[in-house]
Every structure is written in structure tokens, then in C-alpha cells.
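Enquirer: Predicted coordinates and the sequence they were generated for:
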Amino acid sequence: MSKISVYTAKRIITMDPGRPFASAVAVMDGRIVSVGTLASIAPWLEHYEYEIDDSFANKVIMPGLVEPHTHLRWSGNLASLHYVGPVEAPAGTGPALNSREEVIDRLRAVDAAMDDPNRPLFAWGFDPAVHGGHLNRHDLDAISTTRPVWVLSYAVHFLYVNSAMLDLLDIDPGLNVHGLGRDADGTLNGVFAEMEATRLAMDPFKQELSRPGGAAEGLRALSTSAIDAGITTTADLGVGLNDFDAECRDYHSAVPDSGFPLRMVLVPTGVALRDKFGSDGPRALAELRNRNTEKLRYNGVKFWSDGAYQAMSLRVGFPGYLDGTNGLRGDLIWDEMAETLLPYWEAGEQLHVHANGDEAVQAVLDALDQLQQRKPRFDHRFTIEHFPVASTQQIRRLARLGGQASVNNYLTHYRAQLQNLQGLGPDRAETTARLGSMAREGVTFGLHSDFALVVVPMRPLVAAWIATTRMSRDRTQVLAPGERIELDRALRAITIDAAYLLRMEDDIGSLEPGKLADFAILESDPYEAPETLDQVKVWGTVLGGRKFQSQRGQGQ
Amino acid sequence: MTLERDKTLPRAGTLEDLAETWHTLLGLGQAAQMLNSRSSTAVHIPITILGGFLGAGKTTLLNNLLSGEHGLRIAALVNDFGAVNIDAALVKHRAENVIELSNGCVCCSIAGGLTEAIDSLVHSKTPPDAIVLEASGVADPASVAHTCLFNDGLTLNSVITLVDAPQILAQAAHPDLSALVERQITAADLVLLNKTDLLSKDRLRDIKAELEKRFTSAHFVPVKNANIPAEFMLDARAPMSSFGKFQSGSPISEATFCTGVLHLDAPIDADRLRNFLAIAPDGLLRAKGFLPLAKQTTGIFQLVGQRWSLRPAQPDLLPAEPVLVAIGLRGRFDLAGFDRGLRACEVGSRDMPDG
């Protein structure tokens, strides 16, 4: 007979509004049996063998956090690139290194940890202003004289390589190019400055980026960032952006492994399905679901209607950007949007449509309206992805049409002030991510980072803090205070509501009997000090009853 | 002869800078995977990256180029057709992502992806003479250039950044904009100080001096209406006849620029050349052509702003008459002095090149 494990905690946040708090949770075969107190769950313990696990007795247990929009595999390509920068890596993938010695030590450690002695070592983030001047081949020969070493500066202006890498590059001695560094005797010194010279040293990196198996390795490496953040489920919103078959293969190779700490939802792109299956896309998508397991699921399809917030290529309505220009359209042809989406809509699929700017949002809402007229649907979970710039009227209309939103609200804190000056103007910048309006209109929403395509950390607790405070980057201003939301709603948006966006709410997102035993283990209670929610430390996660401890020191 | 000789260390990197680089790397990752499966190509199309903050005049420059009577087939890659104002009479064919002009130029949208757009030009049956890519107003042109150059069918012609001369000092001093403006300026071979007609002579001189003090290795060129000769967009492999030939009376050219053709016959010593060009000759903006080297070989020479290269030339590429063409600022560029400097780089010359 199966055995029950009971986890006790200082506090358990269940996200079940009927019984919001508890202190013990009983788990059997990877699923939750009962939530309450040691006393209240006692009847279960009379019927089953059990053990009490009090290793979290001084910690707080939450449902495993749900990150509903990431691109782990795409970013995985870069996981073989070791970070040596002077501030914490922008996507949270490495700590700050503050001196030349720390950089050299780190490179030595990476070199020592690599198995294959011929495989090149790639690193980025070196800052000559902080790390004591430029590197050259002699400095890097001290890391290794046999392994090719390649280090990119924090801006893509300088590249440094060792002698072994110079040999590999085999540069024509008759070539004279600006930025090709030389020793006094005229031989190359391993420094490449500016584009034309750095291009000469790009080939090994290019090969590394398309190395078979590299992305799957990267996936495993990046999944540790999820443990650090308390995340147990995430969705890849764009499978097939590069190569549909290769991406699926990598996920199927990495995710089922019991050591892989995440459940994944895979959302193929409409373009990839069209290219691969033609008009048979909806049937192919339904067949993909036959491969679904508890850890890896296909659900829905993704389209793009405009550009990006950070790159200022989103499409906005009147009066456009400060300089009168406008952004880009995505793969969906606006005039044909409803027609393109219709086959999937009629097949009962969930549609995710990327829309960053209000002009794009308007086109997407029009399309949803037309779809509803062609075939009315309830519980369709049509999701607008990102949704940073939208009017209150559009939010009301989204609610009436039955749509929901997966919102990148990190942008409020990390980018809005900058984006105001860079073209969006004050009104749209300040109201970036109108969560308050969505809450008032009854739109279900979740919070996401778009990791690592948008350069914000993947930290749902930080997203929740931003949602409740709307604090500007320079911490001088509350941006559009009426768009703040309550802590409870913010926590829903990174747990049960985010699960709902992915049609996963029956299995994850709250701690209730029958659900998977996925937990985020926190060192402190978000309800005790909501104003410092962004600093709550994460011990790690539990996935289906298995513990994954964060390796970031005491957790972060 | 070390790198640092005329370069100070860059300012310390901020989170913003690292974020930009992370973005570039992601783009490179995608480009690498996308291009990995493509066939290679024998073409070498020169690409010019056009950077600059919002409102600096990039679209005006593109409009000038696309509608100019230069006889070149230029492909402009832009974010949004909406802003490009092409004379309807010039439009030959208009499709979703491409506008073909009757003068042989095309304007392509990069909405479907930059890597894709470039690759389709590289593999087209009639590749353009030159590509000009308009980077977004908030982009680092260096990052864009790196992504483009992952395609082997391109050669980097130049990175040109436009700045709004009346606004630039305020932008460069603004805490939230300065890093971006600095990235755009330091990435450029040439920085076009645009809208100088809105400034008095004294004010322009002060602004230019201030910029030159802050950006010691940048090359500033004052212009009006974002005018620049189309010939800038070509590299040495383009037909000589098309280079340095200015439209007579063209308001773009003669008032601002001057050009000259040099014939060098004795072999050039690369070490001497490096020394000579370590500091770019005053007022020289662009030079391209062929230089005789030792052992009866010839090199292809390219210069834009402070960046230059000398590559061994394939014998079949050599023109009948190997010459070097230079474009400089009228009144600033000393063609005879440049000629003397180059001749002092000849093997065995006793003159010292005076950089």
C-alpha cells in the first residue's frame, strides 16, 4: 500500500480561498491527500502508513509557482556561454564578478569542470572598466594552453581569445582589419575590437550555438533558475520558432527525467504548424496531445500580432510614438486574422495571441469578436499574451468576449520609465500592465517574464511585488496607482490563475486534495511583509513529492 | 601598435548594457540555427547599418537614397513601410513585405524577421548592389550588425548613426537616454550630425567640439536633411565607374563632399599602413579600391571613418586599372596629403608616414 508523507510548515498558503491557510499537507504517490493541521488530517493517517517530514517546519509552503510564458529552450542555446559580468546576469543566470581575479578564477573553474579537453570555452560579460583593462591571448593562455578560450565583453565591442583559439581561427596573415589587435612584433594578440574584427572570431561561436544537443543541455542548466524562483510549471509559448522537430525532441529528452525540476506546457507556433502540416494543423495539434504526460503537455497554439515592448516595435494607436512612427506587425496578417485563427477555434483549441500595443490589441479583439460570431464558444480561454499597453475599454471588451490575459508586468517596474522617454510617451508608459482594471472587469490573468527573450529576471514573487506596488525602477514613483492589485490577487496570478491560463488548474496552482504535490518552499511569509515580497528567499521546490533545493547559497 | 593606443577604456557596463548584449546573443542564437540549414552563397553584398535615436532623420535618409538618381540598386530594410515616403510615380510593384521601385531599388519590411529578410536578399536571383538596414531607434547598431553579419553573404560596409544635432547634447546628458545614445555613437563609423540648418555656425561648432571631447574616437560629419552620397553604400567590389561619380550639381554632394582618385604603383608595406592609419586623416570619410602589395599581389582596401581593412584580393576580382577612390569633407580633407601619406607607406620609402 502506498505511504503518506506529511509536510509540516510554519504556514501553508493553499490558494484555496475557502481554507486559505494550513500547517500540514499530506502527500501520497505524488498527489495531495489532505491539507490542514496535523490534528485535522489525522483520520487519513489512521488508514495509511505515514511519515512526518518536518524539514520545512520553519518555512512557508505555497503551491509551486506557475510561469505561464517563457522560452527556455531558445535561451538554452546560450547556457553554454558562461557569465563573467560585473553585475548579476540580466536574466538571472549568473552572479556578479567584481575583479579580474574573480573572472580568472571563474574561467579556471569552468575549464576544470569541462570533460572534453578540446571543447572550446565560451564566456561573456567581461568588463574592461571593472576588471582591470582588456584581456589578451597571454592572459587567457593562463586558463588553458590547449583548450580554445573565447571571452566576449559586456558590450559586443570586444572579444578576447587565447592562443589555442587563435590557432583554431586560422586567420589569414595577409589580412589587416581595423580592431585586429597585435603585439609589438605584429603577431595577433588575441584581441578583436569592433564588428569587422570580431566577425573574424565568430565562427566557433556560431557552431557552438547550433551544436546538436546543446539546447537540451541548456534546458537542464536553465531549469535550475526555476528552482531558485520557486517555479514548478512553465509553458514554452512558441515551440517551433526555429525548428519544431528539434525543439520537441529536446523537450522530450530533458523533461521526463526525474531530475528535471519542471512540468512543461508546450504551445506550438501557428507558423510552425502551418509549415509542417499545412491545413492539417488543428488535427496535428490534437494528435500531439496523445503524447501528453503529467510532466509534459501540449496545449493550444500561438500567434503574433505585433512587435516587442522593449524593442519599441509594438503597434500603438493614435498618436503613435513620440516621433510619430509606429511599430511592427507580427506573423498574423491583420485583415485575415480571424480567418487564420478560425480552423483552430472551430476545432476547440485554445488560442494564444501575442499583442503588446493597443492597436494590435484592438485588431485581436476584433478577430475574437468575429470568431465568436462564427462559432460561439464558452470556456475557450483565448489568451492575449503580454498585454502591457491596452485601454480600460479594451479590457472590458476582453472580459465580455470571454478572453483572458497572460501579462508581462515586470515591464512596469523594469522598463516603463525608460520606455516613456524612448518613445511610448508618459500615458502608455505609466499604465503599462493594467492589472487593476483587469481585476475590476473580472478578466482572469497570470503574470509572466517571457524569460529570457525580455531581459527581466524570471521571479514570480518579484512580479507579484510589482503588481501590488507598481514601484518605478528608480523607486521614486508609483506608476498609475489605480492599477495596483491586492496581494491575494497577485499571488493568484502566479499560482492558480496562471495554471488556469494553461488549462492546468485541475492539477496544479493550489493545494487541494487530488492535485499534484508541487510546492514552492519560502523562507518567509509573503503575508507578513508584503512590501518586501520581492526579497522573499526561496529554499527551493517540491515537484510531485520530490525535493529540489536551490543551489544559490541560502536560496534567493 | 596595441589596441589601447588611441582608445580609452569604455565606461563600466550597466545592467542595461548587459541586457542589450543578452538580446544580441539570443538573436545570434536564432540566426545561427536558422542559417545552419541554409546553403552558402558566393555573393558579397555590402550592408550599411543605419542607427540613431527616434527623430534623428533615418527615414529621411532612406527616402533620399531610395528615390535618388544614382543608378544603384539599393535594398532598404525597414521596420515599417508606413514611414517611408516613396513617390507613388516611382512605385513599380507593391506586395505585403516588399515595394519595388522603377529605379531598381527595393524597400523590404523586416516584420517577418531580420535574418529571414537578409537571407532572401542574399539568395535572390538579382541580389542588390547594396543593402541599407534601418535599425530601430532604441537599438544598438553594433548588435544589429553582429546579427546581420552571421550571414556569410554580407560584407560590412559601414555603420552610420544619425543624431539630431540640436537635441544631441540634451539627450547625451539625460540619465535615462545617455547610455543608449552613447552605444549608438560609439558603434558608428560615421556619425551624421543632422539638422545643422537649425543651428547657428557657432552653436554647431560648440556642439561638435563637445561631442568630440566626450566621444574621442567617433567621426562626426555635419549634414542637412540627412543627405549622404549613395556611393557610400558600396564597397570596393562594386564597379569603379559607379563610385566617386557624383551627380553634377547635386545638392547632396558638391557643397559638402569632395572626391579624388589615386593611382599607386609601388607595393605598400602593411605595417607602415597600420601606423599611418592609426589616426584617420582629417576629413577623410570613405576610401575604397586596390593597393599593390609585395610579391606582385594586390589588396582590397576599404576605409570608412576610422575603420579600415586591407584584404588579399582574388586575382579574378582585379580591375584593369587598380585605383583608390577617396571621399572627404570639402575644405577639410587634404587629398594631396593623403596621397603623400600613402606613398610614404611604400616598401622601402624613406619618408615617414605622418598620420
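Expert: Yep, it's here.
Enquirer: wait, does stretch A:309-316 contact chain B?
Expert: Yes. Stretch A:309-316 is in contact with chain B by Cβ under 8 Å from any Cβ of the partner chain, via A:310-313. (Each C-beta comes from the backbone N, C-alpha and C, glycine too.)
Enquirer: check contacts around the spatially most distant residue from the centre of chain A.
Expert: Relative to the C-alpha centroid of chain A, counting by Cα atoms, centre = their mean, residue A:185 is the outermost residue, at 48.6 Å. By Cβ atoms under 8 Å, 6 or more residues apart in numbering or on different chains, the contact list for residue A:185 is empty.
Enquirer: Let's see the pLDDT reported for it.
Expert: Note on residue A:185: pLDDT of 88.
Enquirer: Which strand or helix spans it?
Expert: Per DSSP states H and E: residue A:185 is located in neither a helix nor a strand.
Enquirer: in the biggest helix by length in chain B, what's buried?
Expert: Longest helix of chain B, by residue count under DSSP state H: helix B:15-36. Neighbour-count burial for helix B:15-36 flags B:15-35 (criterion: 16 or more other Cβ atoms under 10 Å in any protein chain shown).
Enquirer: Cross-check the contact I'm expecting between residue A:190 and residue A:143.
Expert: No. Between residue A:190 and residue A:143 there is no contact under Cβ atoms under 8 Å: 11.7 Å.
Enquirer: any residues in contact with both of the two?
Expert: Here residue A:190 and residue A:143 share the contacting residues residue A:162, scored by Cβ under 8 Å, 6+ apart.
Enquirer: for residue B:226, what are its contacts?
Expert: So residue B:226 contacts B:57-58, B:60-61, B:64, B:162, B:192, B:194 (Cβ under 8 Å, 6+ apart).
Enquirer: In strands, which of these appear?
Expert: B:162, B:192, B:194 (DSSP state E).
Enquirer: Most neighbours among the residues you listed, which one is it?
Expert: Per-residue neighbour counts (other Cβ atoms under 10 Å in any protein chain shown) across the ones in strands among the contacts of residue B:226 peak at residue B:194, which has 29 neighbours.
Enquirer: Could you check how far it is from residue A:487?
Expert: Distance check for residue B:194 against residue A:487: by Cβ to Cβ, to the nearest Å, it reads 50 Å.
Enquirer: if we can go back for a sec, between residue A:190 and residue A:143, tell me which one has more neighbours.
Expert: Taking neighbours as other Cβ under 10 Å, residue A:190 and residue A:143 compare with residue A:190 leading, 28 against 22.
Enquirer: Wait, a strand at the more buried one?
Expert: Yes. Secondary structure assignment (DSSP: H, G, I helix; E, B strand; the rest coil) places residue A:190 inside a strand.
Enquirer: For it, give me its contacts.
Expert: Contact partners of residue A:190, counting by Cβ under 8 Å, 6+ apart, are A:135-138, A:140, A:160-163, A:165-166, A:181.
Enquirer: Hmm, which of those residues is lowest in pLDDT?
Expert: Note: of these, the lowest pLDDT belongs to residue A:181, at 91.
Enquirer: how about that residue, secondary structure?
Expert: Three-state call for residue A:181 (three-state DSSP): strand.
Enquirer: Would you agree it is in contact with residue A:198?
Expert: No. In this structure, residue A:181 is not within contact of residue A:198 by Cβ under 8 Å, at 11.0 Å.
Enquirer: what about the two, which has more around it?
Expert: Using other Cβ under 10 Å as the criterion, residue A:181 and residue A:198 rank with residue A:198 on top: 24 against 21.
Enquirer: Neighbours of the residue lying closest to residue A:414 once chain neighbours are set aside, how many?
Expert: Spatial nearest neighbour of residue A:414, excluding adjacent residues (Cβ to Cβ, 6 or more residues apart in numbering or on different chains): residue A:456 at 5.0 Å. As a burial measure, residue A:456 scores 26 neighbours (other Cβ under 10 Å).
Enquirer: Likewise for residue A:76?
Expert: Neighbourhood size, residue A:76 [other Cβ under 10 Å]: 24.
Enquirer: now do residue A:503
Expert: Neighbour tally, residue A:503, other Cβ under 10 Å: 15.
Enquirer: how close does it get to chain B?
Expert: Counting by Cβ to the nearest Cβ, to the nearest Å, the gap from residue A:503 to chain B is 28 Å.
Enquirer: anything in stretch A:226-243 near chain B?
Expert: Yes. If you take Cβ under 8 Å from any Cβ as the test, stretch A:226-243 does meet chain B, through A:241-243.
Enquirer: got CSV for the residues you listed, with neighbour count and secondary structure too?
Expert: Formatted as CSV, the residues of stretch A:226-243 next to chain B follow (neighbours: other Cβ atoms under 10 Å in any protein chain shown; DSSP: H, G, I helix; E, B strand; the rest coil):
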residue, neighbour count, secondary structure
A:241, 22, coil
A:242, 23, coil
A:243, 18, coil
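Enquirer: can you put these in TSV and add distance to residue A:338 and pLDDT?
Expert: Shown next, in TSV, are the residues of stretch A:226-243 next to chain B (distance: Cβ to Cβ, whole Å; pLDDT from 0 to 100):
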residue	distance to residue A:338	pLDDT
A:241	24	82
A:242	28	77
A:243	29	83
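Enquirer: Looking at those, which one is closest to chain B?
Expert: Nearest to chain B among these: residue A:242, at 4.6 Å, using Cβ to the nearest Cβ.
Enquirer: So for stretch A:287-298, what gets flagged as buried?
Expert: A:288, A:295-298.
Enquirer: before we move on, what about stretch B:65-79?
Expert: B:65-68, B:70, B:72, B:74-79.
Enquirer: what does the average pLDDT come to for the helix or strand in which residue B:276 is found?
Expert: Assignment of secondary structure by DSSP H and E places residue B:276 within helix B:270-277. On average, the pLDDT along helix B:270-277 is 89.
Enquirer: Can I get that helix in CSV, CA atoms only?
Expert: Output in CSV follows, covering the C-alpha atoms of helix B:270-277 (Å, rounded to 0.1, in the frame of the first residue of the first chain):
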residue,chain,number,x,y,z
ALA,B,270,51.1,46.8,-44.3
ASP,B,271,52.9,47.7,-41.0
ARG,B,272,53.6,51.2,-42.3
LEU,B,273,50.0,51.5,-43.4
ARG,B,274,48.8,50.5,-40.0
ASN,B,275,50.9,53.2,-38.4
PHE,B,276,49.7,55.8,-40.9
LEU,B,277,46.1,55.0,-40.4
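Enquirer: gap between that helix and the chain center?
Expert: Between the centre of helix B:270-277 and the centre of its chain there are 22 Å (Cα atoms, centre = their mean, to the nearest Å).
Enquirer: do it and chain A meet?
Expert: Yes. Against chain A, helix B:270-277 shows contacts by Cβ under 8 Å from any Cβ at B:270-271, B:273-274.
Enquirer: Please pick the buried ones from those residues.
Expert: For the residues of helix B:270-277 next to chain A, a neighbour count by 16+ other Cβ under 10 Å gives the buried set as B:270, B:273-274.
Enquirer: For the longest helix of chain B, name the packing helices and strands.
Expert: Judged by 3 or more Cβ pairs under 8 Å, 6 or more residues apart in numbering or on different chains; DSSP states H and E, the packing partners of helix B:15-36 are helix A:72-76, strand A:121-126, helix A:203-209, helix B:114-122, helix B:141-149, helix B:178-186.
Enquirer: Let's see that with 7 Å instead.
Expert: strand A:121-126, helix A:203-209, helix B:114-122, helix B:141-149 (3 or more Cβ pairs under 7 Å, 6 or more residues apart in numbering or on different chains; DSSP states H and E).
Enquirer: Would you mind identifying the next helix or strand past it?
Expert: strand B:45-51.
Enquirer: quick check: angle from that following strand to helix B:141-149?
Expert: Between strand B:45-51 and helix B:141-149, the angle comes out at 150 degrees (axes from the mean of the first three to the mean of the last three Cα atoms, to 10 degrees).
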